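Q: Coordinates for the following, if possible.
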Amino acid sequence: MNEKKKLILKLYEIGCLKFGKFKLSSGLESPFYFNLRILPMYPTIMKNVAKLALEVLSKETFDLVVGIATGGIPLAAYISCLGDIPMTYVRKEEKKHGLQRLVEADVNGKKVVIIDDVATTGSTLLKAVKSVQHAGGIVKACFVVIDREQGAKERLSRENIRLISLLTTTEIVDTLRREKMISDETAEIVINYIKRVRLDA
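A: A predicted model of the protein is given here:
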């Protein structure tokens, strides 16, 4: 069994991958929901995700990883520790006190990979890209564990930023269907949804 397949089955087993009816922050209803916020509760799996991330990122040249608050911070920390790579994070909004920074480190002139857990529209990633660039950082790529395949890759591409993902919705659904973890009907509903509903604003 390859590592990606093992990871998908583990994520499903611990409840990170759910299928049904879920309301998104956009107000739309989705037939699937990926909740990777619970991953830090499973350090062995989290460590494996970080190892796979490092393998994927080994082809890139960069100086540090920047986690997006809040989902990207634990993953960036694991990647930093396992890969001995400097790490910082970008806030959702500027602090009103202290140094009033969005990016919590000096990234000026540094080559950066931005880290988050899941990509949907790409708006959160793009905001982080702009924050890092404003602070003088050079964004080489964005990395996520799962690309929902609903516009993020294309949106970032228009800004000349590559989105690198460990998994996609299609890979997850195909694997779970082959392993009889979800029905053919559920798989078709999800695949048709991601083909039909593009969320790139």
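
Q: Show me what the most centrally placed residue in the chain is bridged to.
A: Relative to the mean C-alpha position of the chain, the nearest C-alpha, by CA atoms, centre = their mean, is the one of Val144, at 2.5 Å. Counting by DSSP bridges, Val144 is bridged to Asp116, Ser165.

Q: In contact with it, which residues?
A: Ile115, Asp116, Asp117, Val118, Ala119, Leu125, Ala152, Leu163, Ile164, Ser165, Leu166 (CB atoms under 8 Å, 6 or more residues apart in numbering). Every residue, glycine included, has its C-beta placed from N, CA and C.

Q: Tyr33 is in contact with Cys16, isn't it?
A: No: using CB atoms under 8 Å, Tyr33 is not in contact with Cys16; the gap is 9.3 Å.

Q: pLDDT of the helix ranked longest in the chain, averaged?
A: In the chain, taking DSSP state H as the definition, the longest helix is helix 43-57. Mean per-residue pLDDT for helix 43-57: 97.

Q: Next, the buried residues of that helix.
A: By 16 or more other CB atoms under 10 Å, the buried positions in helix 43-57 come out as Ile45, Met46, Asn48, Val49, Ala50, Leu52, Ala53, Leu57.

Q: mind putting those in a markdown table, distance to Lys21 included?
A: Below are the buried residues of helix 43-57 laid out as a markdown table (distance: CB to CB, whole Å):
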| residue | distance to Lys21 |
| --- | --- |
| Ile45 | 26 |
| Met46 | 28 |
| Asn48 | 30 |
| Val49 | 27 |
| Ala50 | 32 |
| Leu52 | 30 |
| Ala53 | 31 |
| Leu57 | 35 |
